[in-house]
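J.: Can you look at this prediction? I've put the sequence above it.
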Amino acid sequence: MSSDKIVIANAGGFWGDDPTVAKRQVEGGPIDYLVMDYLAEVTMAILQKQRQRRPDAGFATDFIVQLRDVLPSCIEKGVKIISNAGGVNALACRAAVEELAEQQGIRDQVRVAVVLGDDVYDDLDALLGSGESLANMDTGAPLSEIRDRVLSANVYLGAAPVAKALDMGANVVIAGRITDTALALGPMIHEFGWQEDQWDLLASGIVAGHILECGAQATGGNFTDWRKVPSFENMGYPLVEAHGDGTFVVTKHPRTGGLVSVDTVREQLVYEMGTPSYVAPDCVAHFDSIHLEQEGPDRVRVSGVRGEPAPEKLKVSVSFAHGFRIFGRMMVSGPDSLEKAARAAEVFWKLAGGRDLYDETETQFIGWNASHPALASTEPGEVLLQVAARDSDKAKLDARFGPFVAGSMLGSVPGMAALADQGRPRASDVVGYWPALIGRNSVNARVSVGAVEEPVHLDTPRAAAGSPFTPCQVGAEVPRSGREVTVPLSRVCLARSGDKGDTANVGVIARTPAVYLWMLEHLTVELVKERFGGLCRGSVERFELPNLLSLNFLIHEALGGGGTLSLRVDAQGKTYAQYLLSTEVTIDEAIVAEAEV
């Protein structure tokens, strides 16, 4: 096809997001595509276990619930639906969609495509035998170390299968583990006829997809300057108005809550970032090339994106059984809440056999220092004491830990309360994450529409064409008053944080070019390492994005293992940006004044 403009609407950033968004996006104004993102690494393992118990399970069932509200409207308006809700059983998801369409009397108008080939769980031994090592990308360890404990294995496919499905006439596209960005890039390739070696165009689609993928995080949700958001009611979710030249506008439907500004978009761009060279199956997008411009109220134009050829190999997300964990919580009230909570924890651990009995333990005071060292100097009136343990022996956790969460309370300190909905804690499965690489030729990607199934070629990309990319430089007059003041970093910066496995990323954004130049000198790896010293067991890396006036920090081994492995309250680094922004810094008064204009 060859369109001039398409509008892509996001209807959710994760499995569990607001279930009413799809209907609001379809009814709020004209759109061409509705994209819905459900998957994360841990989700795949959960879905695989569901499929093992029931052959017709293994997909995101919320997708069907949301489609019930919007499928007839989408068919009537010509809106095409794209989702990764297929999980590890895209064919069962297709059957559920077709059954829903039958119930709604529109079965003959719904043409469902499924993307297949990402799930390599059943092929692991054959792949290993063929020479694919599937070694851990972080440690280099061979997959054989955990082979008997593998729960799922899925290759990250890119946008090519989505574009193929649309080319084949589908109006509902169901995929499994495609990249989040592929949900937006796929329809752009289909509509604009972009070729596999047009790296800059493909990179712009990846950037659009990254902005869309987390829903309201691009439209004022989780925004540092949350007081500037007019309303969080009827929250507007992001729309991308995309053009064939690679430029696009980020916006939202009128008369909805939220905010779309250069700052809300910048914060989403640095979320869960690694290096400025963002690697996807389709190409590498240079995030340090992006240009943002406020075009009007709730409208941000994105342009200038540069790209280069895709990597030779694809990423595989493997999950595996990694023991068990258990949590217990007790409310402890004042006076002397902290002293009493510490004593209550001591009583509990002695009854539970001692902390050395378990592989790993954690004690945290929620409301005081559970996520980070305390920011206040005044003791709270109450804290929620959380104790947690991880071990390879589930029976031990259930027998030695579980009974004493409530069982320790009558013989402990005064002023404690049990949580009404807690009951006796039980150990739950811990899922480990194993990232690996696989050759493109080892992946049998294909698309099925009705009785027709066609292959999707994932050949190694051709060499790049075009000039090399050089990041911009920030030139600014740095105001100097000669008077220094001590202020929280939030006075001059914004920030957003996220996670990749056991690594937290914190993207720090300067409010002005002068602040960015100050950041280059003063916001160092050493400062960030010291700030997170109690949490970070690894190194800290810093990357510069002058175009976004941003520094991105990767804080390694900082999430207690990350995901379902961690015993911490914040296992995904969601609070890390706000904690860094609370850091007191000394800076020239004139720079602060300019930043607050």
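T.: Structure's in. What do you need? Numbering: from 1, shown residues only.
J.: which residues are in contact with the host helix or strand of Ile6?
T.: Here Ile6, judged by DSSP states H and E, is contained in strand 5-10. Outside of strand 5-10, the residues within contact range by CB atoms under 8 Å, 6 or more residues apart in numbering are 25-26, 30-37, 184, 187-188, 191, 208, 212-213, 215, 237-244. Just so you know, the C-beta spots here come from the backbone N, C-alpha and C atoms, and that holds for glycine as well.
J.: Can I get the buried part of those as one PyMOL selection?
T.: Those of these that count as buried under 16 or more other CB atoms under 10 Å are selected in PyMOL with:
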select buried, resi 25+26+31+32+33+34+35+36+37+184+187+188+191+208+212+213+215+237+238+239+240+241+242+243+244
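J.: Inside helices: which ones of the contacts of strand 5-10?
T.: 25-26, 184, 187-188, 191, 208, 212 (DSSP state H).
J.: now the helices: where do they sit in the stretch 351-500 of the chain?
T.: 394-396, 404-407 (DSSP state H, counting those that start in this stretch).
J.: What lies in contact with the longest one?
T.: What that stands for is helix 404-407. 328-330, 348, 351-352, 387, 418, 422, 424-425.
J.: Adding neighbour count, write those out as a markdown table.
T.: Formatted as a markdown table, these follow (neighbours: other CB atoms under 10 Å):
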| residue | neighbour count |
| --- | --- |
| Gly328 | 22 |
| Arg329 | 16 |
| Met330 | 24 |
| Phe348 | 21 |
| Leu351 | 17 |
| Ala352 | 25 |
| Val387 | 25 |
| Ala418 | 13 |
| Gln422 | 13 |
| Arg424 | 13 |
| Pro425 | 21 |
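J.: The residues you listed in strands, which ones?
T.: 328-330, 387, 418 (DSSP state E).
J.: backbone phi and psi for the closest residue to Pro546 other than its chain neighbours, please?
T.: Distances taken as CB to CB, 6 or more residues apart in numbering place Val474 nearest to Pro546, at 4.7 Å, with adjacent residues excluded. When read as degrees, to the nearest 10, the backbone of Val474 gives phi -100, psi 120.
J.: How about the contacts made by Val474?
T.: 513, 516-517, 546, 549.
J.: One more: Glu477?
T.: Contacts of Glu477 by CB under 8 Å, 6+ apart are Ala514.
J.: ok, the helix or strand where Val302 lies: who's next to it in the sheet?
T.: Assigned by DSSP H and E, Val302 belongs to strand 299-303. Using DSSP bridges, strand 299-303 pairs in its sheet with strand 248-251 (antiparallel), strand 291-296 (antiparallel).
J.: Make a markdown table out of these and add mean pLDDT, mean neighbour count and distance to Pro55.
T.: Shown next, in a markdown table, are those (pLDDT from 0 to 100; neighbours: other CB atoms under 10 Å; distance: least, CB to CB, whole Å):
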| stretch | mean pLDDT | mean neighbour count | distance to Pro55 |
| --- | --- | --- | --- |
| strand 248-251 | 98 | 24 | 41 |
| strand 291-296 | 98 | 14 | 47 |
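J.: how about TSV for those, with distance to Ala577 added?
T.: TSV is the format used below for the strands paired with strand 299-303 (distance: least, CB to CB, whole Å):
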stretch	distance to Ala577
strand 248-251	20
strand 291-296	19
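J.: one step back: relative to Glu295, which of the contacts of helix 404-407 is nearest.
T.: Using CB to CB, Arg329 comes nearest to Glu295 of the contacts of helix 404-407, at 47.8 Å.
J.: Just grab the bridge partners of the closest one for me.
T.: Going by DSSP bridges, Arg329 forms beta bridges with Gln386.
J.: Just give me the closest of the ones in strands among the contacts of helix 404-407 to Arg266.
T.: Arg329 (36.7 Å).
J.: Which pLDDT value goes with the closest one?
T.: Arg329 carries a pLDDT score of 96 in this model.
J.: just for the stretch 201-350 of the chain, where's the confidence low?
T.: For the stretch 201-350 of the chain, no stretch is flagged by pLDDT under 70.
J.: all strands for it, in order.
T.: 239-243, 248-251, 277-279, 284-286, 291-296, 299-303, 306-308, 313-333 (DSSP state E, counting those that start in this stretch).
J.: Surely Cys283 touches Ser204?
T.: No: counting by CB atoms under 8 Å, Ser204 is not a contact partner of Cys283; they are 10.0 Å apart.
J.: so what sits against both of the two?
T.: Gly307.
J.: ok, and the closest non-adjacent residue to Ile555?
T.: Ala504 (4.5 Å).
J.: Sweet, I'm off.
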